[in-house]
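1. predicted coordinates and the sequence they were generated for:
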There are 2 protein chains.
Amino acid sequence: MNNLLKKTTKTIIISAVLLGLGTQAHAKKVIKWRLATTWGPTLTPFIDAPRNMAKMVEEMSNGRLVIKVDASNKHKSPFGVLDMVKAGQYEMGHSASYYWKGKDINTLPFTAMPFGMTTPEQYSWFYHGGGLELMQKAYKIHKVYSFPGGNAGGQMGGWFRKEINSLADLKGLKMRIPGFSGEIMADLGLAVTNIASGELYTSLEKGTIDALEWVGPGMDINMGFHKVAPYYYTGWHEPAAELQFLVNQKKYNKLPKDLQQILKNAMKLSAYDMYIQNYHMNVEAWSGMKKDYPGIQIKSFPKDVLDAMKASNKKLLTEKTENAPLLKEVLDSQDAYKLKARKWTKISDYLYLKDN
Amino acid sequence: MNNLLKKTTKTIIISAVLLGLGTQAHAKKVIKWRLATTWGPTLTPFIDAPRNMAKMVEEMSNGRLVIKVDASNKHKSPFGVLDMVKAGQYEMGHSASYYWKGKDINTLPFTAMPFGMTTPEQYSWFYHGGGLELMQKAYKIHKVYSFPGGNAGGQMGGWFRKEINSLADLKGLKMRIPGFSGEIMADLGLAVTNIASGELYTSLEKGTIDALEWVGPGMDINMGFHKVAPYYYTGWHEPAAELQFLVNQKKYNKLPKDLQQILKNAMKLSAYDMYIQNYHMNVEAWSGMKKDYPGIQIKSFPKDVLDAMKASNKKLLTEKTENAPLLKEVLDSQDAYKLKARKWTKISDYLYLKDN
């Protein structure tokens, strides 16, 4: 070959290779993200929601977006998830919004409110009643997007060492109960705390707490609470507890449009799926419970306790929203939707279940 | 340039162009599918479920899979959807499984059964209780995959021209009511038929039928049934009616893996979404109904009617399953799951709604 040939050939080959590589690189460009959860590595189904989401994203994006899910034993900061996503240390988080109420009261109402909406009512509020927009408004200051992350359905009221026959029996008890229902219990004279899932059983066994609420039979029985606190109360405080996905806004906005859609839909789907997975777990656990654990006593709180809870709820909400206009906006929106929706729920779900 | 140079350059340029075009062609390859629905073009939210699914698929696949949704006014065969998907005339369909019970009795139980499961119970059965596998088993003979396609929640019992005070008032009425509940009504002495949505109002107005059940207030009020039949009965027959997506197996199996995942997840998500959309529509319609349409009379069937329906249900199920082993397998699976699940539903959803 002469020099001209050599030079031209070289240029063209380089161009061709670059073109090829460029395209290949585009096709195979992998974006790697990390997600921090509040949950321990075996905490089904809470930990399954982000894991299923990540699996769907990877499959649907043909491996272009890979999200590694870190359980709390990895990052050691179960209640630091919002801070880590905010700081960009993790691109995503999975937790419960009401865990940040001490840092930012406006994040309180997006998980569950006492005497609040049921699961279909709450999803209707999120997706058709302005709830999702209000959640973005509340999280804007943190430069984080927040999305529904899985619903626990109607929760049980918790495990108690002794039977609660009156308001007086509650006074002085040390109880793990988060969110606004925790404030109600504090108002009724309990010493209230929040404890991460991994330490719940030990705290109850050692007497650091006398009572706790966790989720429902599907998750609770596995934790062994019944061994030390056999009185299991029906629910009032979290008729539909929704977990949350958190996404750092800057990182989300940089994603290609199709990956944004894949991510958004995978979060939404894994949230609904977790509701159904947890429902099934409750069904299985509840149906075998009385036979497998005859010591468990199913109870409902007596009327004077429920009346006091309702009165306290009303009083505290008024106090809390006095100087918190955004919190008031969200709670007013939830209340108005619940009032409207409950009329239909009573005709459809309730009336049918009454007779069947 | 000498000849060698010319020839080499040409080869390399052609290779480069082919490489480039090849990649471009791969990146832009568009698969075009069509989906036939049973629904008219404005039948929200039923028609929205396949449309939302198609939109999500297009966005998530970056335009690589485009699904055109044909309403029934396009293909003129609202009850021919299964046949068209089976024949490959359409790649996909969206309808209600129980519409094919006359052709194949095994497809009956996947939409709704009288006195059956509620929506969360039914989704739990589909995704964790073996329901989805049984649905594939039933549709295998048609070489079609079937997936949940949107739930209508607890349906209303229908619109009647006159009040039903006893079993005698039902006898001889002509009523549109599909599925197994239609067979019960026939057993109770009604003349039962199925009519596509577009002809429902006219049929009722003209007296072709005396009564009909459709869905719930969110969809029913728009149809104007209350103008001719103001007695609106609460539900017993479809506590959770699930629509179905149908996919031609051959076409589905030819899709690249990532598009299969995108399609599967978009169907699953749009199904859940339709449940919530319809819930919201019911909430809105119900809350304004009494004020906007004071003539509507909300009623529940009297006890002797409900008792007769239950007795007939039991009798017909025994007859129907005698020589239908697969139908029996599905119904036994549903019954066993319902029995187990209802215990939990009564403690969680029902008990809470009783007091709140």
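-> Cool, the structure landed.
2. hey, let's count contacts and neighbours off CA atoms from now on
-> OK.
3. so after the helix-or-strand element of chain A with minimal mean pLDDT, what's the next helix or strand?
-> When the helices and strands of chain A are scored by mean pLDDT, DSSP states H and E, helix A:3-28 comes last with a mean of 48. For helix A:3-28, the succeeding helix or strand toward the C-terminus, using DSSP states H and E, is strand A:31-37.
4. after that next one, next one along is what?
-> Reading on from strand A:31-37 to the C-terminus, the next helix or strand found by DSSP H and E is helix A:48-60.
5. what helices or strands is that next one leaning on?
-> The contact analysis (3 or more Cα pairs under 8 Å, 6 or more residues apart in numbering or on different chains; DSSP states H and E) places helix A:48-60 against strand A:65-70, strand A:144-151, helix A:257-292, helix B:257-292.
6. if we use 6 Å, what do you get?
-> Using 3 or more Cα pairs under 6 Å, 6 or more residues apart in numbering or on different chains; DSSP states H and E as the contact criterion, the neighbours of helix A:48-60 among helices and strands are strand A:65-70, helix A:257-292, helix B:257-292.
7. list the contacts of it.
-> Outside helix A:48-60, the residues within contact range by Cα atoms under 6 Å, 6 or more residues apart in numbering or on different chains are A:Leu65, A:Val66, A:Ile67, A:Ala266, A:Met267, A:Ser270, A:Met274, B:Asp258, B:Gln261, B:Ile262.
8. can you tell me the SS state at A:Met84?
-> Reducing the assignment to helix, strand or coil with DSSP: H, G, I helix; E, B strand; the rest coil, the entry for A:Met84 is helix.
9. and the closest residue to it other than its chain neighbours, how many neighbours does it have?
-> Leaving aside its chain neighbours, A:Met84 sits nearest to A:Tyr90 (5.7 Å; criterion: Cα to Cα, 6 or more residues apart in numbering or on different chains). Here the neighbour count serves as a burial measure; for A:Tyr90 (other Cα atoms under 10 Å in any protein chain shown) it reads 23.
10. try the one 3 residues further on
-> The burial count assigned to A:Gly93 is 29, neighbours taken as other Cα under 10 Å.
11. list the buried residues in stretch A:218-225.
-> For stretch A:218-225, the neighbour count (16 or more other Cα atoms under 10 Å in any protein chain shown) marks A:Gly218, A:Met219, A:Asp220, A:Ile221, A:Met223, A:Phe225 as buried.
12. that older thread, quick one, what contacts the residue nearest to A:Met84?
-> So A:Tyr90 contacts A:Arg34, A:Leu35, A:Met84 (Cα under 6 Å, 6+ apart).
13. any chance of the buried residues of stretch A:218-225 in JSON lines with pLDDT and secondary structure as columns?
-> Written out in JSON lines, the entries for the buried residues of stretch A:218-225 read as follows (pLDDT from 0 to 100; DSSP: H, G, I helix; E, B strand; the rest coil):
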{"residue": "A:Gly218", "pLDDT": "95", "secondary structure": "helix"}
{"residue": "A:Met219", "pLDDT": "94", "secondary structure": "helix"}
{"residue": "A:Asp220", "pLDDT": "95", "secondary structure": "helix"}
{"residue": "A:Ile221", "pLDDT": "95", "secondary structure": "helix"}
{"residue": "A:Met223", "pLDDT": "94", "secondary structure": "helix"}
{"residue": "A:Phe225", "pLDDT": "97", "secondary structure": "helix"}
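14. for chain B, state which of those is nearest.
-> Using Cα to the nearest Cα, A:Gly218 comes nearest to chain B of the buried residues of stretch A:218-225, at 10.5 Å.
15. burial count for the closest residue to A:His142 other than its chain neighbours?
-> The shortest distance from A:His142 to any non-neighbouring residue, by Cα to Cα, 6+ apart, is to A:Lys86 (6.0 Å). Counted with other Cα under 10 Å, residues neighbouring A:Lys86 total 23.
16. now the buried residues of stretch A:218-225 as a markdown table including distance to chain B?
-> Rendered in a markdown table, the data for these read as follows (distance: Cα to the nearest Cα, whole Å):
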| residue | distance to chain B |
| --- | --- |
| A:Gly218 | 10 |
| A:Met219 | 14 |
| A:Asp220 | 14 |
| A:Ile221 | 14 |
| A:Met223 | 19 |
| A:Phe225 | 19 |
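17. among the residues you listed, which one sits closest to A:Ala191?
-> A:Phe225 (19.1 Å; Cα to Cα).
18. for that closest one, which non-adjacent residue is closest in space?
-> Distance criterion Cα to Cα, 6+ apart; nearest residue to A:Phe225, sequence neighbours excluded, is A:Tyr201 at 6.3 Å.
19. just the element for that neighbour, please.
-> Short version, using DSSP H and E: A:Tyr201 is in helix A:200-206.
20. strands paired with the helix or strand following that helix, and their directions?
-> Beyond helix A:200-206 on the C-terminal side, the first helix or strand identified by DSSP H and E is strand A:211-212. Under the criterion DSSP bridges, strand A:211-212 sits next to strand A:158-160 (antiparallel), strand A:174-176 (parallel) in its sheet.
21. if we can go back for a sec, which one of the buried residues of stretch A:218-225 is nearest to A:Ala186?
-> Within the set of these, A:Phe225 lies nearest A:Ala186; the separation is 21.8 Å, counting by Cα to Cα.
22. ok so, going back, now the helices and strands packed on helix A:48-60 in JSON lines, with mean neighbour count?
-> As requested, the helices and strands packed on helix A:48-60 are exported to JSON lines (neighbours: other Cα atoms under 10 Å in any protein chain shown):
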{"stretch": "strand A:65-70", "mean neighbour count": "21"}
{"stretch": "helix A:257-292", "mean neighbour count": "21"}
{"stretch": "helix B:257-292", "mean neighbour count": "21"}
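23. JSON lines for the ones you listed, including distance to B:Lys320?
-> Conversion of the helices and strands packed on helix A:48-60 to JSON lines gives the following (distance: least, Cα to Cα, whole Å):
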{"stretch": "strand A:65-70", "distance to B:Lys320": "50"}
{"stretch": "helix A:257-292", "distance to B:Lys320": "29"}
{"stretch": "helix B:257-292", "distance to B:Lys320": "29"}
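24. quick check: residues of the stretch 151-300 of chain A near chain B?
-> Residues of the stretch 151-300 of chain A lying close to chain B (Cα under 6 Å from any Cα of the partner chain) are A:Gly154, A:Asp258, A:Gln261, A:Ile262, A:Leu269, A:Ile276, A:His280, A:Val283, A:Ser287.
25. tell me the two of these that are most distant?
-> Of all pairs drawn from those, the widest gap by Cα to Cα lies between A:Asp258 and A:Ser287 and measures 43.2 Å.
26. quick revisit: tell me which of the strands paired with strand A:211-212 sits most buried.
-> Among the strands paired with strand A:211-212, strand A:158-160 has the highest mean neighbour count (mean count of other Cα atoms under 10 Å in any protein chain shown), at a mean of 26.
27. ok, now which ones touch A:Leu246?
-> Here A:Leu246 is in contact with A:Met92, A:Gly93, A:Tyr145, A:Ser146 (Cα under 6 Å, 6+ apart).
28. follow-up on the earlier one: need the strands paired with strand A:211-212 in CSV (columns: mean pLDDT).
-> Compiled in CSV, the strands paired with strand A:211-212 are given as follows (pLDDT from 0 to 100):
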stretch, mean pLDDT
strand A:158-160, 98
strand A:174-176, 97
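29. flag every buried residue along the helix holding A:Tyr201.
-> Going by neighbour count (16+ other Cα under 10 Å), the buried part of helix A:200-206 is A:Leu200, A:Tyr201, A:Ser203, A:Leu204.
30. next one, pLDDT for the first one please.
-> If you check A:Leu200, the pLDDT there is 94.
31. and the third one, by the same measure?
-> Note on A:Ser203: pLDDT of 96.
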